[in-house]
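Trainee: here you go, sequence then predicted model.
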Amino acid sequence: MKARHKRGLLIASGVLVLAVAAGLVLSAFQKNLVFFFTPSQVVAREVPVGKPFRIGGMVAERSLQRERDGLTVRFVVTDTVKSVPVQYTGILPDLFKEGQGVVAQGKVGDDGVFVATEVLAKHDENYMPPEAAHAVEQAQNAQKTLIGN
Amino acid sequence: MIPEIGQLALILALLLAIVQGTLPLLGAQRGIRAWMALSRPLAAGQFLFVAIAFLCLAWSFLTSDFSVLNVVNNSNSRLPAHYRIAASWGSHEGSILLWVLMLSLWMQAVSVFSRSLPREVLARVLSVMGLVSVGFLLFLLLTSNPFERLSPPAAEGNDLNPLLQDPGMVAHPPMLYMGYVGFSVAFAFAIAALLGGRLDATWARWSRPWTTAAWCFLTLGILIGSWWAYNELGWGGWWFWDPVENASFMPWLVGTALVHSLAVTEKRGAFRRWTVLLAICAFSLSLLGTFLVRSGVLTSVHAFATDPERGLFILVFLAIVIGGALLLFALRAPQVSGGGRFESISRESFLLANNVLLIVAAGSVLLGTLYPLVLDALSGGQTKISVGPPYFEAVFVPLMSPMVFLMGIGPVARWKQATLPELWTLLRWAFATSLVAAVLVPLVTGGGSWGLRLGLFLAFWILAATVVNIRERIRNFRGAVHERLAMQPRAWWGMILAHLGVAVFIAGVTVVGTYETERDVRMAVGDTVEMGGHVFRFDGTTEATGPNYRAARGTVTVLRDGREVLTLHPEKRTYNASGMAMTEAAISTGVLGDLYVSLGEPIDAQSWSVRVYHKPLVTWIWSGCVLMALGGLLALTDRRYRLRSTRQQRAAAVISPA
């Protein structure tokens, strides 16, 4: 094979690999991107139906309830303005606490209850998940604007 | 007093680094010997001062000097001594100091082991490393002073984050940083070669052992991190595709490509430009990893309080280093000749294909890691997304599977020119055996997704192809089999071992992914749960106290065929200083699988929520990584490198009397 042909072949196979990779990346992004919403957005029904997403905020004080099976828990996630009831079956992370920040991933049902498949708390006492902080900030800004008007 | 000495030592190290980063480099460009000769004493001096600074910090931690802010924030007088020392790198400041310490250690190693290098090359290499050192020392002194005093001193420290109080904390950061920073040597060699205009097989030979060493450390560092997460996070997972993990995985992928590409450059003189580019990329990704982990842009156990000033500093530094290196590459690379020719079916081309796949895989990980950050920044914080494991699995597996398949072919293919019929004749039995094994094993073990079959096929394929490779390799030698095996160079055995490590790793990942079982259950005293042929009986909890925590200590008895075989003690700890709760899983490790029990929370006076896992072959994952690292270490002890060093000694002996 001539050097020129060989180079052409190399470039063509490189392009092919990249094209396949780009295809994989795009389809994987399309299927697996998880968007983040604030409790206010969930209450306003601005969230995808039947698709998983994340919510973040504070666990409302005295909202944690345990079902009789001992494993299913219910709590309320709030951005200090609006609140969303959350249901989760499983073991909560060590740093999950009422009055502290939390991020949960799952779907919202017709009854407005967010059924979480995963609950993430922070790794450190002094550390607030940025998503949770963001939700509270957004809600409070929105409220300020409302009062201002 | 001690902290001030440490601070002073850092300033002196910075001054030395500035000189080291400039004079020898200029000396090499202009041919001034005296300036070039400065590089080795300067590297030694820098190592000395950085080591003093690090010891001062470790001393402050060990003696619980609560007049140092860093110690107050990350330690406690009740913390066990080994964690007090490990706490020196538990904070942002301390970990950057560790980074600098590792860098000066590598510099010193280069200066000791590379005496035979031409004067110009050594001067340039050490100078480039000196420049990197300048950046990090400035970063330490300007934005993250580890010795900052607190006045008045605190009475007690806030304690090290309980998550970090694990044996993993003692080993993981130093290993990982040795790997990260080790790529700076390959980077410095690449830059030195570009500056000197000499990019040939000799350059690859110098650079190769350093790259392999760094790669070994990085492999071990990642492995320990993964094992730590498995033990400590209480979730039983070994890899989460967390951005921080990705930050260490990307340099590993590119480093793996670099190790292989260097082999081609050394043996065949080909891929020169590509190898240089990989060396630049590997180190750039190490820097990017440091930026991602240390700037606080990521949410994770590794991220500390966000400080925009620090983030900006690293970002600018990153831009200068990567931009500068790539610019130099763009200017100089066209002058480099192509090197050895090879046909489109040859060992070179298989290695090239592997390289491309590794890089594309690293690119897809990079995309998945950075996309949420970029989107967040572009939308002004309005659009927040997360990219989780499903994305990475969907992209990574299809890209890595052909790579692993080629891994079986490459080592048996001839250099320069191979033919497909010849390869088919060599490998057809290996191919058929692994295919049959991949179909038969799931029939016996039950279940059988395509993922399982693919994983098994790839694992068996590497194993079978390696056997073929060994047989082919010794065919042309005389003597008994074991003699012929013993004749082979260690570098070759290193490759065999590392490749077998990949097979073991894939087998572990595949089997755990398919057959692991997990249950969250409510258990009262005396309750049992059955899993993986074992019965777990919960025998209640008792109070226990540790040096700096209190714990509820559970007793879980494991029965097999009605007989008690094992007692596990998972704990739920509450750390005194922080009041933080921690799950300490109890794991029984075995070659065939792990039993893993962790306590959730108390439900009432009698019962707890308990998480029970059966993880078949999970230790194979880490064993595979250990084999890869051992393979690398074995390659490092190859005769070629030792011969070179004895030659060096002889050369030195000849020179010194003169």
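Mentor: Structure's in. What do you need?

Trainee: what helix or strand is B:L566 on?
Mentor: Per DSSP states H and E, B:L566 falls inside strand B:563-568.

Trainee: what helices or strands is that strand leaning on?
Mentor: Judged by 3 or more C-beta pairs under 8 Å, 6 or more residues apart in numbering or on different chains; DSSP states H and E, strand B:563-568 is in contact with strand B:549-560, strand B:586-588, strand B:593-602. All C-beta atoms are positioned from the backbone trio N, CA, C, and that covers glycine.

Trainee: which strands and helices sit next to the longest one?
Mentor: In terms of contacts (3+ C-beta pairs under 8 Å, 6+ apart), strand B:549-560 is packed against strand B:534-545, strand B:563-568, strand B:571-575, strand B:586-588, strand B:593-602, strand B:607-616.

Trainee: will you turn those into a markdown table that also has mean pLDDT and mean neighbour count?
Mentor: Shown next, in a markdown table, are those (pLDDT from 0 to 100; neighbours: other C-beta atoms under 10 Å in any protein chain shown):
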| stretch | mean pLDDT | mean neighbour count |
| --- | --- | --- |
| strand B:534-545 | 93 | 16 |
| strand B:563-568 | 93 | 13 |
| strand B:571-575 | 91 | 21 |
| strand B:586-588 | 93 | 18 |
| strand B:593-602 | 90 | 22 |
| strand B:607-616 | 92 | 22 |
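
Trainee: surely B:A188 is in contact with B:V121?
Mentor: No - using C-beta atoms under 8 Å, B:A188 makes no contact with B:V121, being 10.0 Å away.

Trainee: neighbour count: these two, which is higher?
Mentor: B:A188 (27 against 22; other C-beta atoms under 10 Å in any protein chain shown).

Trainee: quick check: pLDDT value at the more buried one.
Mentor: At B:A188, the model reports a pLDDT of 96.

Trainee: how much space between it and chain A?
Mentor: From B:A188 over to chain A the distance is 29 Å, taken as C-beta to the nearest C-beta, to the nearest Å.

Trainee: residue contacts, the nearest residue in space to that residue that is not next to it in sequence?
Mentor: Nearest non-adjacent residue to B:A188, counting by C-beta to C-beta, 6 or more residues apart in numbering or on different chains: B:V128, 4.0 Å away. Contacts for B:V128 (C-beta atoms under 8 Å, 6 or more residues apart in numbering or on different chains) come out as B:G21, B:L25, B:F187, B:A188, B:I191, B:A192.

Trainee: selection in PyMOL covering whichever of the residues you listed are buried, please.
Mentor: To isolate the buried ones among the contacts of B:V128 in PyMOL, judged by 16 or more other C-beta atoms under 10 Å in any protein chain shown, type:
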select buried, chain B and resi 21+25+187+188+191+192
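
Trainee: and which of the contacts of B:V128 is nearest to chain A?
Mentor: B:F187 (24.3 Å; C-beta to the nearest C-beta).

Trainee: buried set for the helix or strand hosting A:G8?
Mentor: Using DSSP H and E, A:G8 sits in helix A:3-32. Buried residues in helix A:3-32, defined by neighbour count with 16+ other C-beta under 10 Å: A:V17, A:A21, A:L24, A:V25, A:A28, A:F29, A:N32.

Trainee: filter those down to the ones near chain B?
Mentor: Taking C-beta under 8 Å from any C-beta of the partner chain as the test, chain B is in contact with A:V17, A:A21, A:L24, A:V25, A:A28, A:F29, A:N32 out of the buried residues of helix A:3-32.

Trainee: let's have these in JSON lines, adding pLDDT.
Mentor: Below are these laid out as JSON lines (pLDDT from 0 to 100):
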{"residue": "A:V17", "pLDDT": "85"}
{"residue": "A:A21", "pLDDT": "88"}
{"residue": "A:L24", "pLDDT": "88"}
{"residue": "A:V25", "pLDDT": "88"}
{"residue": "A:A28", "pLDDT": "88"}
{"residue": "A:F29", "pLDDT": "86"}
{"residue": "A:N32", "pLDDT": "84"}
